[in-house]
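Participant: Build the 3D model from these lines:
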Amino acid sequence: MDSRIFDTSDFRITEVILPGVAEPKDLLIEERFLSKPKNGEVILKVEASGVSFAERAMMRDKYPGMPEFPFVPGYDMVGMVVATGPEVDPSLIGKRFAALTKTGGWSSHSLVCAADLLYIPDDVDPVAVEAIVVNGITAWQMLHRKAKIKRGQTILVLGANGGVGTILSQLAIHAGVKVIGAASPRHHATLKAQGIIPITYNDVKFSENVRKIAPDGVDAVFDNIGGESISRSFGLLKSGGTLISYAIAFALDLNKSVLLSFLILLAKLFLLNSLPNGRKAGFYDIWSGKGEAEFKTAMKEDFSQLIKLLQSGVLKPQIAAQFPLANIREAMELAESRTTYGKIVLTP
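Facilitator: Next up is the predicted model:
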């Protein structure tokens, strides 16, 4: 399709609107005509998007850098290019890509910058791919670019049943790393089946239980909780170990500014990292370096590695549930229950 004869009537789209601070029942489903793609843009016909911690935080107005209400949530998406704007190669039409966008994924079609597209081979299931876009890139980069894990090491993964935790654990095991996974007891059997050593995250003997498995401490901790969990996680590191914080789940339901909680977290990580004990601590931000050539290169390289592992069967994305976009309220009710194992995926 030539963008010069693009007709918006071909793209009457359906999208989910987050109108303000909301509960799942307050989400709106609306239709409109999509505007023409501008220079450097394409239109993706969305085949899969997902629910993540980010959307739950946005519904509470507690996600740093989120746009003003109202807007269309959806941190990432997988879809097929159906139209291109000026200065975009028209041969992209008909090809499948993923895109990491922070918002806009909860829609039947979405405008996306062509330079940000991540190529997907035709023989890969879009639902499976959706589980490795933001979650997979986050897991890969934390393991290999931040913690720089090595075969024979031991790591602790908090939220091992989550979208990031399930992928991170699989990647670590594939790399020859022992994984201790913290989750609710309801998920322990599934964790064991995947080769993960399960422990209960809110057990009063949590640290003692970790030390029974790793007496000298662990080589890395991946902490999605924040708050008081940070000091505990740092204390479980062996000399030379690394703590990576990547979310502040504890702050979701607190009646105070998430920005303040985030700044306190960063300050704590800075102080811990300054201690002369050979341990390191830091916060992982998937958007760090955005706008630089190295950022896009890393994104494409890392996503390509994940696709190869998916194609070879090494990665087996855990899909907690799959909902049509029209059932977004039910999907978010499930997400809010905090009982799932893996990723909630939305399809047309």
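
Participant: all helices for the stretch 151-300 of the chain, in order.
Facilitator: For the stretch 151-300 of the chain, the helices defined by DSSP state H, counting those that start in this stretch occupy 163-174, 188-193, 206-213, 229-235, 258-274, 293-312.

Participant: Select, out of those helices, the one closest to residue 64.
Facilitator: helix 258-274 (6.0 Å; CB to CB). All C-beta atoms are positioned from the backbone trio N, CA, C, and that covers glycine.

Participant: which residues are in contact with that closest one?
Facilitator: Identification of contacts with helix 258-274 by CB atoms under 8 Å, 6 or more residues apart in numbering yields 57, 60, 62-64, 226-227, 230-231, 234, 243, 245, 248, 250-251, 254, 279-283.

Participant: Would you show me how to pick out the buried ones of the residues you listed in PyMOL?
Facilitator: Entered in PyMOL, the line below selects the buried ones among the contacts of helix 258-274, by 16 or more other CB atoms under 10 Å:
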select buried, resi 57+62+63+226+227+230+234+243+245+248+250+251+279+280+281+282+283
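
Participant: Spatially nearest residue to residue 51, not counting backbone neighbours?
Facilitator: residue 344 (4.1 Å; CB to CB, 6 or more residues apart in numbering).

Participant: Need the pLDDT of that neighbour.
Facilitator: For residue 344, the pLDDT comes out at 98.

Participant: OK, contacts around it?
Facilitator: 50-51, 320-323, 331, 334-335.

Participant: Next, it: secondary structure please.
Facilitator: Following DSSP: H, G, I helix; E, B strand; the rest coil, we place residue 344 in the strand state.

Participant: So it versus residue 123, what's the distance?
Facilitator: Residue 344 sits 24 Å away from residue 123, going by CB to CB, to the nearest Å.

Participant: Residue 295 now?
Facilitator: 28 Å.

Participant: quick one: which of those two has more around it?
Facilitator: residue 295 (14 against 6; other CB atoms under 10 Å).

Participant: residues contacting that one?
Facilitator: So residue 295 contacts 288-289 (CB under 8 Å, 6+ apart).

Participant: domain assignment for the chain?
Facilitator: 3-131+317-347, 134-283 (automatic domain parsing).
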